[in-house]
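J.: I would like to see how this sequence folds:
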Amino acid sequence: MFGIPGKQAVTMTPAAAAQIAKLMAKDGSKGLRIGIKKGGCAGMEYTMDYVAEIDPMDEVVEQDGARVMIAPMAQMFLFGTEIDYQVSLLEAGFRFRNPNVVDECGCGESIKFDAALGK
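T.: Residues are numbered from 1 along each chain as shown. Below is the predicted model:
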């Protein structure tokens, strides 16, 4: 586990927790696994996948009936992140407020981290 003892790696807004709980109930999954992968114009992208089984190496965060798991390789990049769910006239989706991001592209889906985090 990465982070500070007693402090959750990520937090969820009430809107995000409600949407994740709704997706869990609909899909019958144990939650959503959040990770990062190489890609996008800024170098990295967030990933979200349904989880049938919880990996013992995952960081598990539960809040208001919602459960997210953070993949081991993503834990240091996501620590301190707030997950939100926003709905507008044109789109609806999860938004990540991540203090570790140093740059992001205009689409908001591709991010860049400080090179020191990857070492």
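J.: any idea which helix or strand carries the residue nearest the centre of the chain?
T.: In the chain, the residue lying closest to the centroid (C-alpha atoms, centre = their mean) is I34, at 4.3 Å. Element membership for I34, per DSSP states H and E: strand 31-38.
J.: quick one: the most far-flung residue of the chain relative to its centre and A66, what's the gap?
T.: Within the chain, L89 marks the point farthest from the mean C-alpha position, 23.5 Å out by C-alpha atoms, centre = their mean. Using C-beta to C-beta, to the nearest Å, we find L89 at a distance of 25 Å from A66. All C-beta spots, glycine's among them, are computed from the backbone N, C-alpha and C.
J.: what's the answer for Q75, then?
T.: For Q75 relative to A66 (C-beta to C-beta), the value is 18 Å.
J.: same thing with M44?
T.: Counting by C-beta to C-beta - M44 and A66 are separated by 24 Å.
J.: what sits against M48?
T.: 32-34, 94 (C-beta atoms under 8 Å, 6 or more residues apart in numbering).
J.: Now, of these, which are buried?
T.: 32-34, 94 (16 or more other C-beta atoms under 10 Å).
J.: wait, which of the residues you listed is closest to V102?
T.: Nearest to V102 among the buried ones among the contacts of M48, counting by C-beta to C-beta, is I34 at 19.2 Å.
J.: Run through the bridge partners of that closest one.
T.: M48, I70 (DSSP bridges).
J.: which two in the contacts of M48 are spaced the farthest apart?
T.: Once C-beta to C-beta is applied, these give R33 and F94 as the farthest pair, at 13.0 Å.
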